[in-house]
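Trainee: Quick one: sequence and predicted model below, then my questions.
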Amino acid sequence: MPIIIVGIIGIVAIVPETKNEHYARLDPIGLLLSIIGLLAVVYGIQDAGWGRVSTYIWIGAGSLVIAGFLYFESRTKHPSLDLSLFRIRSFSVPLTGVSFAFAALQGSLLFLAFYYQLVRGWSPLQSGLLTLPFAVGQVLAAPRSAKMVQRFGARKVMSFGVSLASLAMLGIATLPADASIPYLIVIGFAFGFGLGNTIAPATTRMTLATPQARSGSGSAVQNTVRQVAAALGVAIISSIIAAVYSHNLAPTLAGTSLPPDLQARASDSIGETFGVAAGLTNSGQASAQAIASLEQAGIDSFMPALHIAGYIALGLLLVALVLFITLLPAKAEAVAWAGSHVAADDVEEPDAAHQVHVVAEVGDGLSHVEDAPLEFPSELPAARSDEQRDKAPGGV
C-alpha cells in the first residue's frame, strides 16, 4: 500500500495532463468477447488434463471467441484494440518480442520460488532476496539503454539484451540442485540486465510509432498484450511442468503405502508433496526415513521439470531474438508528436500505419523526431514497403 500511495502522489505531481478531444466510444462487445475468449483459453490450459477432451474443448472454444473478437475489432469503428497499430513493424515486432520475454520471465520466476524454498530449504525472505538481482539488473540497464541505442541502434541493443537473457535462462535450464548462491545471483542479474536492454528500447520504439491521438490505445495494447502473454506463459509452462512432475513421481508413490488420495495429492506439485510429508510428520503415521525419502523423491522429480521450464522459456527468448534480428526495422518508425495534431471532424484520420516516418536512432536522430510535422492528407497514400522505410534517410 505505501508504494501505491507514493506512486499516486508521483503521478499527480509529475505526469502532465493529456486529453483526446476526439475520443472514441466504448467497445462493450469487444471487451466482452476478449474476456470470454481469454478466460476460456487460460481455464482450458490450467485445467491441465491434456488427456481429457474438456481441455481441448475449452481451448478451442476460447480460440474461436478470440478469433471472433479480432474480426469484430477489424470491422467496428470504435475498436478497443487498434489493430492498425500492428501494421507498424516498430510497434508490432517489439511488442511480440517483449511479450515472449515476459512469458519467459514469469514462467521461470514461478518455479525458481519452489526451487529456493523447497529444494534448498530457504525461507520466503531469503528466497525473495535472491529474486532481487533480476530487478537490480533491469534497474541498472534500462536507464542506460538509451545511450546504447544512440550509439548502436535499437535493433542491436535489443538483440544483445535478449541474447544475454537467453544465456541466463540456459543457466536456469541446467541448474544443479546444489547451485551456489553467487551463481544464482549472477544468473538473476544477467537475466535482468538483458531484459533492461530489451524492454526499455522496445517501449521507446512502440511509443514513437504510436500516433498522438492513439497514445492511450497504444499504451493499453502494450500493457494488455504483455500481461496476457505473461499469464499464458505461466499457464502453459505450469501445466506442462505439472504433468512432467506427476509422471516422474508416480513410480515412487506406487511403491509406498500411502493411500490413493494422498498419492494423488502428492503428485500434484512439489509443494503438495512436501505438504503430505509434513502431515505425515505431524500425525506420526510414517517414519522419519520414509518422510525424508518422499521429500527427496519430490526434489528428484522436480529438478527435471524445472529444467524443462527453463528450456521452454529459453525457446521463447530465442523466438524473440529471431524476430528482432529479422523483422525489426533498422530505423525507428516515428510520429512527429509535437507537429502532429488531431484530425478535424470533417477529415478522415488516416490509420496508424500512415502516420509514421522513418528516423535514425544512432547519433542525435531522435532529438529531431518532432521536427517533421505530419498533416492529414485528403487522400491516404499507399503504405510504403518495408524496403522503402529502411532506406529512407530519416525524414518523411
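Mentor: Yep, that arrived. Numbering: from 1, shown residues only.

Trainee: is it true that Ile236 touches Ile45?
Mentor: Yes - using CB atoms under 8 Å, Ile236 is in contact with Ile45, at 5.7 Å. C-beta coordinates here come from the backbone N, C-alpha and C atoms, glycine included.

Trainee: Comparing the two, which residue is more hemmed in?
Mentor: Ile45 (22 against 19; other CB atoms under 10 Å).

Trainee: Give the phi and psi angles for the more buried one, as a check.
Mentor: phi -70, psi -40 (degrees, to the nearest 10).

Trainee: same check, this time on Ala200
Mentor: Torsion angles, degrees, to the nearest 10, at Ala200: phi -60, psi -50.

Trainee: For it, give me its contacts.
Mentor: 141-143, 145-146 (CB atoms under 8 Å, 6 or more residues apart in numbering).

Trainee: how about the helix or strand harbouring Ala142: buried residues?
Mentor: Per DSSP states H and E: Ala142 is located in helix 124-152. For helix 124-152, burial by neighbour count (16 or more other CB atoms under 10 Å) applies to 127, 130-131, 133-134, 136-138, 141-142, 145-146, 148-150.

Trainee: what's the answer for stretch 248-262, then?
Mentor: Neighbour counts using 16+ other CB under 10 Å place 248-249, 252-253, 258, 262 of stretch 248-262 among the buried residues.

Trainee: Which parts of the stretch 251-396 of the chain are strands?
Mentor: 332-334, 357-359 (DSSP state E, counting those that start in this stretch).

Trainee: rank the ones you listed by pLDDT, which is bottom?
Mentor: Sorting the strands of the stretch 251-396 of the chain by mean pLDDT places strand 357-359 lowest, at a mean of 58.

Trainee: Could you list the domains of this protein?
Mentor: If you go by automatic domain parsing, the domain ranges for the chain are 23-72, 86-331.

Trainee: Can you get me a residue count around Ser123?
Mentor: 10.

Trainee: For it, which residues are in contact?
Mentor: Contacts of Ser123 (CB under 8 Å, 6+ apart): Gln117.

Trainee: Please report how far it lies from Leu132.
Mentor: 15 Å (CB to CB, to the nearest Å).

Trainee: what's the nearest residue to Leu208 if we skip its chain neighbours?
Mentor: Nearest residue to Leu208, sequence neighbours excluded (CB to CB, 6 or more residues apart in numbering): Ala334, at 4.0 Å.

Trainee: In this protein, mark out all the helices, start to finish.
Mentor: Applying DSSP state H to the chain gives helices spanning 2-14, 28-47, 53-75, 89-114, 124-152, 154-173, 181-208, 215-254, 260-266, 270-283, 288-327, 386-391.

Trainee: could the ones you listed go into JSON lines alongside mean pLDDT and distance to Leu83?
Mentor: Output for the helices of the chain, formatted as JSON lines (pLDDT from 0 to 100; distance: least, CB to CB, whole Å):
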{"stretch": "helix 2-14", "mean pLDDT": "87", "distance to Leu83": "29"}
{"stretch": "helix 28-47", "mean pLDDT": "84", "distance to Leu83": "11"}
{"stretch": "helix 53-75", "mean pLDDT": "89", "distance to Leu83": "5"}
{"stretch": "helix 89-114", "mean pLDDT": "89", "distance to Leu83": "10"}
{"stretch": "helix 124-152", "mean pLDDT": "92", "distance to Leu83": "27"}
{"stretch": "helix 154-173", "mean pLDDT": "95", "distance to Leu83": "23"}
{"stretch": "helix 181-208", "mean pLDDT": "93", "distance to Leu83": "15"}
{"stretch": "helix 215-254", "mean pLDDT": "84", "distance to Leu83": "9"}
{"stretch": "helix 260-266", "mean pLDDT": "88", "distance to Leu83": "45"}
{"stretch": "helix 270-283", "mean pLDDT": "90", "distance to Leu83": "41"}
{"stretch": "helix 288-327", "mean pLDDT": "93", "distance to Leu83": "18"}
{"stretch": "helix 386-391", "mean pLDDT": "48", "distance to Leu83": "18"}
